[in-house]
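> A predicted structure for the sequence below; I have some questions about it.
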Amino acid sequence: MQLPGWYDFLDEIERAKEALGSPEHVWYRGHSNSQWLLIPPLYRDPRFLDREQLAFSEFARSASRLFEKRTNDWETLFDMQHYGLPTRLLDWSKVLGIAIAFAVLDYRDDMPYDPAIFVLDPLALNRRSGIEVIKEITDETYRYREIYWHHRPFVPNSPIALDPPLQTARMFAQQASFTVHGLDERSLEEQCANEIVKVDLSSAALPGARQFLEYANLNAYSIYPDIVGMARHLRKRVFGP
């Protein structure tokens, strides 16, 4: 099968990385709608920020009997993100194929927009905040509630890239990373235009993208390796889109 649109898309990904300076570390995020902005769920409704602390406390208390004990607040926040509660996190992956799966699996050809992939230089993002590494949550000076609720030891104005432990099967399957928003509520691309490039996945590239996902066994079950992902995958396979 001739797939010129797919190869053009891959060339665009390479050009995006070159535009970022060909960094050693690159993260990807897929959107099924190219018009969606990089805004965490917590910032999409003015009421959510006011309720962040209550949601966190209630989740930590209720989830204590469902999960093994988490060692710090970040791990609780990652659980909240993956189970659908609004947080100040955005999901990224170190694997382009995972981002393509997120962009394409729920996309239908009758939709009036294209999917898109965002390419991020996480180290350059952190340098905006004077941080020379991708932050790890094991850093005792980097505590979620202290920084983002009480602004100690610094005021978190800009987004920061985090490299989390892959504490759940979903996070491992997705090779998950995160950015965490600070006080600036604008979208990530508005705040950090030089650290992010968006690449549209055009209709001409979609057949190749879908073929790639099939060959790579990237589907709802493989990226959500639990009963929810399995049911979602079977529904699509048996009943169609």
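On my side now, so go ahead.
> my read: residue 165 touches residue 71, true?
No - between residue 165 and residue 71 there is no contact under Cβ atoms under 8 Å: 9.1 Å. Backbone N, C-alpha and C define where each C-beta goes, glycine included.
> name the residue in those two with the higher neighbour count.
Each of residue 165 and residue 71 has its neighbours counted (other Cβ atoms under 10 Å); residue 165 has more, 15 against 12.
> so where is this protein shaky, pLDDT-wise?
1-2, 227-230, 232-234, 237, 239-241 (pLDDT under 70).
> okay, helices next: where are they in it?
Secondary structure of the chain (DSSP state H): helices at 4-19, 46-50, 52-63, 73-82, 96-104, 122-127, 144-148, 169-174, 188-191, 206-215, 220-223, 227-239.
> the closest residue to residue 188 other than its chain neighbours: neighbour count?
Leaving aside its sequence neighbours, residue 188 sits nearest to residue 38 (Cβ to Cβ, 6 or more residues apart in numbering; 3.6 Å). Residue 38 sits with 22 neighbouring residues when counted by other Cβ under 10 Å.
> now do residue 87
When neighbours are counted by other Cβ under 10 Å, residue 87 comes out with 24.
> might you report the residue contacts of the spatially closest residue to it that is not a sequence neighbour?
Sequence neighbours aside, residue 81 is the residue nearest to residue 87 in space, at 4.8 Å (criterion: Cβ to Cβ, 6+ apart). Contacts for residue 81 were tallied using Cβ atoms under 8 Å, 6 or more residues apart in numbering; they are 87, 89, 91, 178.
> 10 Å instead, please
Counting by Cβ atoms under 10 Å, 6 or more residues apart in numbering, residue 81 makes contact with 40, 41, 42, 87, 88, 89, 90, 91, 164, 171, 176, 178.
> with residue 175 instead?
Residue 175 neighbours (Cβ under 10 Å, 6+ apart): 27, 28, 92, 93, 94, 95, 97, 98, 166, 223.
> equivalent analysis for residue 18, please.
residue 197.
> same check, this time on residue 195
20-21, 23, 119-128, 159, 161, 188-189.
> ok, residue 133 next?
122, 123, 126, 127, 139, 161, 163.
> out of these, which are buried?
Among the contacts of residue 133, those classed as buried by 16 or more other Cβ atoms under 10 Å are 122, 123, 126, 161, 163.
> give me the distance between residue 19 and residue 12.
10 Å (Cβ to Cβ, to the nearest Å).
> who's more crowded, these two?
Between residue 19 and residue 12, counting by other Cβ under 10 Å, residue 12 is the more crowded of the two (19 against 13).
> ignoring the adjacent residues along the chain, who's closest to that one?
residue 199 (4.7 Å).
> identify the bridge partners of the most centrally placed residue in the chain.
For the chain, residue 91 is the residue whose C-alpha lies nearest the centre (Cα atoms, centre = their mean; 1.7 Å). Applying DSSP bridges to residue 91 gives these bridge partners: residue 178.
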